[in-house]
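pasting a predicted model and its sequence here:
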Amino acid sequence: MYMINCPWCGTRDQAEFVAHGEAHIARPEQPDALTDEAWGDYIFFRDNPKGLHFERWVHTHGCRRWFNVARNTANYEIYASYKPDEAKPEVPQT
Amino acid sequence: MKNKYSIFSLARNALSYHQKWQHTWRNPEPKKHYDVIIIGGGGHGLATAYYLAKECGITNVAVLEKSWLGGGNTGRNTTIVRSNYLWDESAAIYEHSMKLWEGLSQDLNYNVMYSPRGLIHVAHSVHDMQEIQRRGNANFLNGIDAEFLTPEQIQARVPFINLDCRYPVMGGILQKRGGTARHDAVAWGYARAADAMGVDIIQNCEVTGFNISDGKVIGVQTSRGNIGANKVGVVTAGHCSVLAEMAGFRLPVESFPLQAMVSEPVKPIVDCVIMSNGVHAYISQSDKGELVIGASSDTYTSYTQTGGFNVIEETIGAIVELYPAFSRMKMLRQWGGIVDVTVDRSPILSKTPVENLMFNCGWGTGGFKATPGSGNVFAHSLAKGEMHPYAAPFSIDRFHSGALVDEGAAAAVAH
Amino acid sequence: MSATRTSNTGQLNRQQPLSFQFNGQPYTGFEGDTLASALLANNVFLIARSFKYHRPRGVFSAGSEEPSALVQLETGAHTLPNCPATEIELYDGLIAHSQNCWPSVKYDIGAVNNVLSRLFPAGFYYKTFMWPKALWMKYEHVIRHSAGLGKSPTVADPTNYDHQHLYCDVLIVGGGSAGLSAALAAAKTGAEILLINDQAEWGGALLSDTQTINDAPALDWINHAIHTLTEMPNVRLLARTTVTGYYHHNYLIANQRITNHLGPTAPTDIPRERLWKVRARKVVLATGAIERPLVFAENDRPGVMLAGAVRSFLNRYGVLLGQNIVILTNNDSAYALGIDALAAGANVTVLDTRTDISDDLLALTTQHALSIQLNSTIIDVKYKGTIQSVDVAKLNQDGSDIVSKPETIPADIVACSGGWTPTLHLYSQAGGKLKFDPDTHSYLPDEAQTLAPDAQFAGSCIGAFALEDCLAQGHATGLNAAEQCGFKTDGIKVDALNTASQLVCNELRPLWVLPCAHPIGNGPKKHFHELHNDSTIADIALAERENFISVEHLKRYTTTGMGTDQGKTSNVNALNVMAALRNKPVGEIGTTTFRPPFTPLTFGAIVGQNCGDLFLQKRTSPMEPWHQVRGAQYEDVGDWKRPRYFPRSGENMDEAVQRECKATRDSVGILDATTLGKIDIQGKDAAKLLNMVYTNAWSKLGVNRCRYGIMLNEHGMIIDDGVTTRLSENHFHMTTTTGGAARIFNWLEELLQTEYPNWEVYCTSVTEQWAVMAINGPKARDLLAKLTDADLSNESFPFMAMLETEVAGVPARIYRISFTGELAFEINVPARYGLHVWEAVMAAGEQYNICPYGTETMHVLRAEKGFIIVGQDTDGSVTPDDADMNWIVSKVKKDFIGKRSLSRSHTAQAGRKQLVGLLAEDPSFVLPEGAHIVDGTNTAPPMKMLGHVTSSYFSPNTGHSIAMAMLKDGHKIMAKGQMGKSLYVALMDGSRQKVTVTGSVFFDKEGVRSRG
Amino acid sequence: MVKPISMSPLSSVTAITSVHRLHEVSSMAKINLRGDANNPAFAKAIKSALNLSLPTEANTCAHAQAESTVFWLGPDEWLVHTPLDALQKTLTTLRNATEPLHAAITDVSDYYLVLELSGPQARSILASGTSFDIRTASFKPGQCAQTLFGHASILLWPVDDTPTFCIQVRWSYAQYLFTYLSNSLHNAENLMNFKA
Ligand SMILES: Cc1cc2nc3c(=O)[nH]c(=O)nc-3n(C[C@H](O)[C@H](O)[C@H](O)COP(=O)(O)OP(=O)(O)OC[C@H]3O[C@@H](n4cnc5c(N)ncnc54)[C@H](O)[C@@H]3O)c2cc1C
Ligand SMILES: NC(=O)c1ccc[n+]([C@@H]2O[C@H](COP(=O)([O-])OP(=O)(O)OC[C@H]3O[C@@H](n4cnc5c(N)ncnc54)[C@H](O)[C@@H]3O)[C@@H](O)[C@H]2O)c1
Ligand SMILES: Cc1cc2nc3c(=O)[nH]c(=O)nc-3n(C[C@H](O)[C@H](O)[C@H](O)COP(=O)(O)O)c2cc1C
Ligand SMILES: [Zn+2]
């Protein structure tokens, strides 16, 4: 069970949050302009790194805000959480 | 040829205090080049090698395992075996697998303890009932055994079940040929049999990269040096995305922690496998006596082989809700695996953007049962350079064309 | 063998005798005894039968590491299998039984396994039972019945459990000398301290010792420490509490046994066990050390024990276990037992495997006249119901063989010590790496590990075996932990503590497996390194021989360390043996993975209160009291309990539903529709949001007008549907399915927060704000008119419009929408008035024979109209076109969620499975839902399936059965007819029902009734 | 016509002992308020309507006149508690004040119910179901927190040092929450009297 820092509410138990996969994927402006391949990549293909991962969480049982977390999937480190409109933070190289 | 295993060889060896048994598999040094390299020494990888040697006549094969063979999900799953899947494509490959299970101990000369003691899916809602009806009917028409049970029939089989739990039991579906098999024995049996036919099983050999030339794979880089190959099959389950990244592409897969646990060993009390999607509890009892219980996965990806205690709480909560008598039982050990989950909950058996490089992954939370079938069709696919008909529907292309085999959807949508 | 109660040792309350039963025999013990000590004091040494060979087994340890003396505690609903007798605090009336034996622990039929044991080496079952194939299930049956240990309870647990979350600054695990000392120091800084100890008494190993602190008995110091800590408001002490799991981010699970020690008569109005979920800023581990056994021939006999345990029984529990105690050791610590046992009046012989001992130790033995034999080992234990004697011989130079003729020494107890293993399970569970330390011959935290768990150590768990060091380390670590939490530590006074000199595990001879008259494993004598699962040194050798050399393979092949004790006394020896066989330093072969729990954890405690009524909330609507009185039968929809039908006396579901269906279409019916998800959407981009999430267009919807919509996921598949109403230009009220409520609401937020943060829209869930009742049927308007002054005429309140008014004196919104095809009104009122208005409607409806109906009737009525239910007629693989709903997909909108996926090559293909209506040839036959459609090609499986029945009912309003189905190329067939081809629904009894494909609207095809 | 009767699932349940009280508190009207706190016009509008500055610090609440309280729920979301009879007036005032700003004002009076828990073991009773850190030092009157209790999302705030807490929960979870808390209440009391 992680302790997760909601950028708004502060640090809370993981029980209050739900994870939602890779962050920083913008929905294409013009889906119709994409090939099947490009569209399929957008909806289904994901980074699934062993190590540093930027992913989305939502504070479901708190402020209900979505935010991003930089986490290491190979251990239990959480480097940072940040708001959706913020850029990826600098994190230690692993 | 190795010692053949039987009651006679056991008795004979007993006389010499078992001093004469041979290695179950060798510890070969990697050769410079193989016809086929299989990456991943789990059940699927080992089975692939075995069938390559046995059915395709290709014995210049290496299985490269980064750690100890069978230590991935093969060594940490709840060992449930069944073939009663909904879609024709799934039913075909899982039933192919089931047929192989039925003769596997004899085929491998290794007792994998495949135990068709019956598997019951319990339905807790109108929606569950519709789901099992549809699936059971489909199984029947596909020639797969299916039997519907009333709550009373379930109670007769599982006397201590609480039919009147939070989601009252409305019925169930039984696959009599479903059951369990001994996970470790599956890995060891395939390894032994493959090794006997000349396959090199190389443990502690981690693949760290691919050698690709002109879009064709020509070998792999490993912690024990470069090894050349004509063809490479990647069967690394939870780590498939890591390997794909090495080869320069992505997969429609995410790796989640999935946990399981065992109770202390007790005398026989659960004589079949009982699965409940409604309250989310899966339980069976091993031959050693532990209750083997499967949990659900966490919502975040992880490669740590552990998961959150909250998931354990939910799982045991469901077990106690459904079997109140187990409240005084104790959890002996909990652990986790890394499951490679696709969007449609169906596997990927596929060619890739790199020529001669095929992937077999995405089995997620349910691929143990597929071990023989998956290995078998993947071996044929590698040998031929074309996907076996049972494998063809599971190509990566489906995520672009939309031809999903959506085993997850039926249960996952709104009421 | 004869154990005796001492008169002057132990911390028992001899004023309080307790009677108990073991295997039906009555015995007595004292308050302060464990079941193990009380049995031993009564000379009961044979406690259990072993797992595989059914060998007689007794008590091996005095603590939670016990591998062997497992009993079935109590009977019936209170029974608990596999309880270590060493952990059971004795209480009056206790009843326990031996396990894994029949007919009795003395005469156990299963013991034939021992005779045949040569046939059962590790992994024997993998090599046999394969022929004849058909017999495996029979063999397996036998294997299953001889395996297992205790028996599971078979009736519900009469006790209860609960949870407590706790945050603290410093958690100290272990209440021995190191833990207490750490707590005393850390507490003084003002930090919030949680000190946890798994035993009832504080003091740990000190309780079994004769040590002094500041020249007074150590017990005085313990009492003083506990007294001091209890008085401090910033300290919480939890005894009888085991930290079972150490998870990441300093999350620890601890299980407190509140009433276990009282047995079945404990009060039932408090939890039997309580699970603590602790978040600690800093964790101090002071978990002590576990004595490591020596492995010698026949070392599993009842009466062979750990030396520290024998000492513990003497000094703590007042039992001198035998008259002739033979101690076998490879280090100094076991001599303390020798001295204490001599003083208590036993004959003691120390067999030391070392060739040499220190002068100090030698002087001490002379001083106490302790008889010792150096360079010696036991090569056999003679056992006839009790230990009779041991055979002793001299070792060769490297200890691998014996060099002398055996000498027989009378013995009734054999106490062995192979040194001590620091208890680092918790640390390892949390991801801490261990490294073999050649100085202490034990595994210690690997200091080179980066990102190690945030824990610190004190005492013997980090290899400090002298009391003096434990106290000093505790103090330093406690302060350090508090300081790291930000508390000031300067000026905190150190109480100077002095301790007497002590025999600790010094100068150990690294030899744990001792030879016997024949090569180990190659003769009749067994060397058990693992008592729980009956695993022997020969098994390890076999594993090595067969190439199961990875420690993980070794574990799984021999089942070493997989028992209830998880190998606390055996793992290190097993690793050592494997290392030796492989000619590798033990540090190089690694350890197996440590996993929670530290000791087995009760399921009930894991669950706490979250079962029964509290397993999952049962959500109900404000009208629930009415439904209950009317005997509603319920359907679970998500976590809601919805009335499924309202049977009149004697009616079954079918009858009730047929009646409800008729009554509604004939006059008027009422449905509680509160559970539908409701979302209030406001902002100038509200319509834009709807345009994005629905397939149809929303910009032009008039104010107070309603529209039906379906939602797709990005894969193009239908995920939800509902009616949304425009309340004002920038204000909408959306409804979703019951099951979709939370999901859709969260999804809208997701889109707004992550994709379209600049859109000006706010969504607020209002599901429970509104109680909703849908009145349906030709008399609906007449009925409603009795309760409101509003103009309900078709002109001023047309179909698909909304009206804000009062109903039964309550402000209400009425939506004129219909899921039945009838004239219908959905009345929404604030939840608090739901019951009031419902009752008012029922009263007003009496004159129209108003009929309350549930979800089942709703399903039939909508099927008569061919309306889909998302999740029943669709399954996540159905596009709008598949569902014959192209009419609702905007052709002009540039984009909406899921749109792009509809044109993917496979999704756009012709001939997909599509929604149709089906009529059975026999109009009275209701096709089973879930049955599949086949053509006539094959008459028996395997049969090619063309689709399946999604919804199927007997429709009372059409007078025949109706069905909806997904059918391959269904729309073409619907349009062009079956063109002479017969279609069937295949049934599982092997028969088939011929069917005709039709449109999916069966009733009021023109759709006039809802608009009337 | 009969006067409308108002009901809640907690209308008829309480757990009251000599030292602890758990009961529904007389229902306040509740208004969900959304808007951009960084927009001075919005802040000003709210200030004029409610006569207070919106709490912009996370996990805090502010009191206005006439027993009204405003709870911080998120960076652009608040909850206003106001006496029932002031509901319509407050809704109208808020709507008028925020027009034409981007804001949303939604009546959620019946969406939630509020339980009050009071007595010496109140913290431990709460700790039976929530992972939120409710230690005295960190959680005082003037603060509030949205968190999870068992399976129920709640809004929790300390009222006084008895200690007393209020717990707001969705209507359909109220029965569940009440049962859970009253079980815990009885456990806590019985444990107080239990000497091992
Ligand atoms: C807790 C749990 C319960 C489950 N329960 C069931 C069940 O009841 N029934 C069922 O059918 N399925 C179940 N499954 C799923 C099932 O275990 C898996 O689908 C199946 O075992 C996968 O087998 P595999 O051989 O593909 O993968 P694995 O056994 O995981 O083998 C992959 C191997 O690849 C190796 N590897 C990874 N990277 C590299 C590299 N770079 N170089 C070399 N080697 C590498 C790994 O070390 C590993 O040994 C469960 C899974 C889990 C985790
Ligand atoms: N003679 C020797 O060689 C030798 C060897 C080892 C220890 N000792 C003696 O033992 C004592 C060591 O003191 P110490 O404080 O390090 O250890 P300890 O054994 O005295 O105390 C450890 C305590 O931690 C508890 N504990 C262990 N795991 C736990 C868990 N998961 N949850 C809750 N409680 C748990 C144990 O029950 C025990 O009470 C000293 O007196 C030392 O001299 C002597
Ligand atoms: C079907 C099955 C049964 C198991 N039974 C036991 C058992 O009886 N005792 C035990 O200690 N572990 C048991 N385990 C768990 C293993 O010890 C181990 O935790 C698991 O294989 C994962 O490996 P790891 O913990 O080394 O990562 C079992 C595992 C499986 C898959
Ligand atoms: Zn938050």
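It's in. Residues are numbered from 1 along each chain as shown, chains lettered A, B, ... in the order given. Ligands and ions are numbered 1, 2, ... in the order given.

report the beta-bridge partners for C:Cys168.
Counting by DSSP bridges, C:Cys168 is bridged to C:Ala280.

surely it and C:Lys282 touch.
No. At 9.0 Å, C:Cys168 and C:Lys282 do not qualify as touching, with contact defined as CB atoms under 8 Å. Just so you know, the C-beta spots here come from the backbone N, C-alpha and C atoms, and that holds for glycine as well.

tell me the pLDDT of the residue most central in space within chain A.
Nearest to the geometric centre of chain A sits A:Glu55, at 1.7 Å (CA atoms, centre = their mean). A:Glu55 carries a pLDDT value of 97.

which strand residues bridge the residue nearest to C:Leu80 when sequence neighbours are not counted?
Leaving aside its sequence neighbours, C:Leu80 sits nearest to C:Leu73 (CB to CB, 6 or more residues apart in numbering or on different chains; 4.5 Å). Judged by DSSP bridges, the bridge partners of C:Leu73 are C:Leu80, C:Ala96.

quick revisit: find the residues that touch each one of C:Cys168 and C:Lys282.
Both C:Cys168 and C:Lys282 lack any common contact, where contact means CB atoms under 8 Å, 6 or more residues apart in numbering or on different chains.

just list the residues touching D:Ala104, thanks.
D:Ala104 neighbours (CB under 8 Å, 6+ apart): C:680, C:682-683, C:762, C:764, D:32-35.

can you give me the strands for chain A?
In chain A, the segments counted as strands under DSSP state E are A:3-6, A:10-13, A:18-22, A:52-58, A:66-72, A:78-82.

in CSV: these, plus distance to ligand 2.
Output for these, formatted as CSV (distance: least, CB to the nearest ligand atom, whole Å):
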stretch, distance to ligand 2
strand A:3-6, 22
strand A:10-13, 22
strand A:18-22, 30
strand A:52-58, 32
strand A:66-72, 28
strand A:78-82, 26
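
the ones you listed: which one's closest to chain B?
strand A:18-22 (3.7 Å; CB to the nearest CB).

pretty sure the residue nearest to the centre of chain A contacts B:Thr301?
Yes. With contact defined as CB under 8 Å, A:Glu55 reaches B:Thr301; the gap is 7.4 Å.

show the pLDDT at C:Leu119.
84.

setting aside sequence neighbours, what's the nearest residue to it?
Going by CB to CB, 6+ apart, C:Leu119 has B:Ala14 as its nearest residue, at 5.3 Å.

burial measure for that neighbour, as a count.
Using other CB atoms under 10 Å in any protein chain shown, B:Ala14 has 16 neighbouring residues.

name the helix or strand for it, please.
helix B:7-15 (DSSP states H and E).

can you check C:Asp162 too?
strand C:161-173.

how far out from the middle of the chain is that strand?
19 Å (CA atoms, centre = their mean, to the nearest Å).

which secondary structure elements does the next helix or strand after it sit against?
Using DSSP H and E, the next helix or strand after strand C:161-173 towards the C-terminus is helix C:177-188. Applying 3 or more CB pairs under 8 Å, 6 or more residues apart in numbering or on different chains; DSSP states H and E, we find helix C:177-188 packed against strand C:161-173, strand C:193-196, helix C:218-231, strand C:273-285, helix C:467-484.

out of the contacts of D:Ala104, which end up buried?
C:680, C:682-683, C:762, C:764, D:32-35 (16 or more other CB atoms under 10 Å in any protein chain shown).

from those residues, pick the one nearest ligand 4.
Distance to ligand 4 across these (CB to the ion) is lowest for D:Arg34, with 15.5 Å.

lowest-pLDDT helix or strand in chain C?
Every helix and strand in chain C was compared by mean pLDDT, DSSP states H and E; the lowest is helix C:112-115, with a mean of 81.

helices or strands up against it?
Secondary elements touching helix C:112-115 (3+ CB pairs under 8 Å, 6+ apart): none.

how about the nearest residue to C:Leu262 once chain neighbours are set aside, secondary structure?
Distances taken as CB to CB, 6+ apart put C:Tyr91 closest to C:Leu262, at 5.8 Å, once the chain neighbours are dropped. At C:Tyr91 the chain is in coil, as set by DSSP: H, G, I helix; E, B strand; the rest coil.

what about C:Tyr91, distance to C:Pro264?
9 Å (CB to CB, to the nearest Å).

repeat for B:Phe399
58 Å.

the more surrounded of those two?
B:Phe399 (27 against 19).

ok but the more buried one is inside a strand, no?
No. Assessed with three-state DSSP, B:Phe399 is helix; it does not lie in a strand.

kindly state the beta-bridge partners for D:Ile16.
D:Arg21.

quick check: which ranges of chain D have low pLDDT?
D:1-2, D:66, D:196 (pLDDT under 70).

how far off strand C:161-173 does the longest helix anywhere in it point, in degrees?
In chain D, with assignment by DSSP state H, the single longest helix is helix D:174-192. Put simply, helix D:174-192 runs at 60 degrees to strand C:161-173, going by axes from the mean of the first three to the mean of the last three CA atoms, to 10 degrees.

is chain C within reach of helix D:174-192?
Yes. Helix D:174-192 is in contact with chain C by CB under 8 Å from any CB of the partner chain, via D:175-176, D:179-180, D:183-184, D:186-187, D:190-191.

buried only: go through those for me.
If we count by 16+ other CB under 10 Å, the residues of helix D:174-192 next to chain C have these buried: D:175-176, D:179-180, D:183-184, D:186-187, D:191.

on that earlier part again, tell me the pLDDT at the residue nearest to C:Leu262?
The predicted local confidence for C:Tyr91 is 98.

what's the spacing between it and chain B?
17 Å (CB to the nearest CB, to the nearest Å).

could you give the mean pLDDT of the strand holding C:Asp162?
98.

that strand packs against which elements?
By 3+ CB pairs under 8 Å, 6+ apart, strand C:161-173 packs against helix C:177-188, strand C:193-196, strand C:273-285, helix C:467-484, helix C:603-607, helix D:122-127, helix D:174-192.

need the next SSE after the third one, C-terminal direction.
Read it as strand C:273-285. Toward the C-terminus from strand C:273-285 - assigned by DSSP H and E - lies strand C:289-291.

in three-state terms, how would the residue nearest to the spatial centre of chain D be classified?
Nearest residue to the geometric centre of chain D (CA atoms, centre = their mean): D:Gln168, 4.1 Å. Secondary structure, three-state DSSP: D:Gln168 is strand.

quick one: contacts for it?
Neighbours of D:Gln168 in contact, by CB under 8 Å, 6+ apart: D:30, D:112-115, D:154-156.

try 6 Å this time
By CB atoms under 6 Å, 6 or more residues apart in numbering or on different chains, the contact set of D:Gln168 is D:112, D:114, D:155.

could you flag which of those are buried?
D:112, D:114, D:155.

the contacts of D:Gln168 into JSON lines, with extra columns for distance to ligand 4 and secondary structure?
Listed next are the contacts of D:Gln168 as JSON lines, based on distance: CB to the ion, whole Å; DSSP: H, G, I helix; E, B strand; the rest coil:
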{"residue": "D:Tyr112", "distance to ligand 4": "19", "secondary structure": "strand"}
{"residue": "D:Val114", "distance to ligand 4": "21", "secondary structure": "strand"}
{"residue": "D:Leu155", "distance to ligand 4": "13", "secondary structure": "strand"}
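
where does the residue of the stretch 901-1012 of chain C found nearest ligand 4 fall, phi/psi-wise?
Here the stretch 901-1012 of chain C gets closest to ligand 4 at one residue, C:Ser901, 32.5 Å apart by CB to the ion. The phi/psi pair for C:Ser901 (degrees, to the nearest 10) reads phi -70, psi -20.
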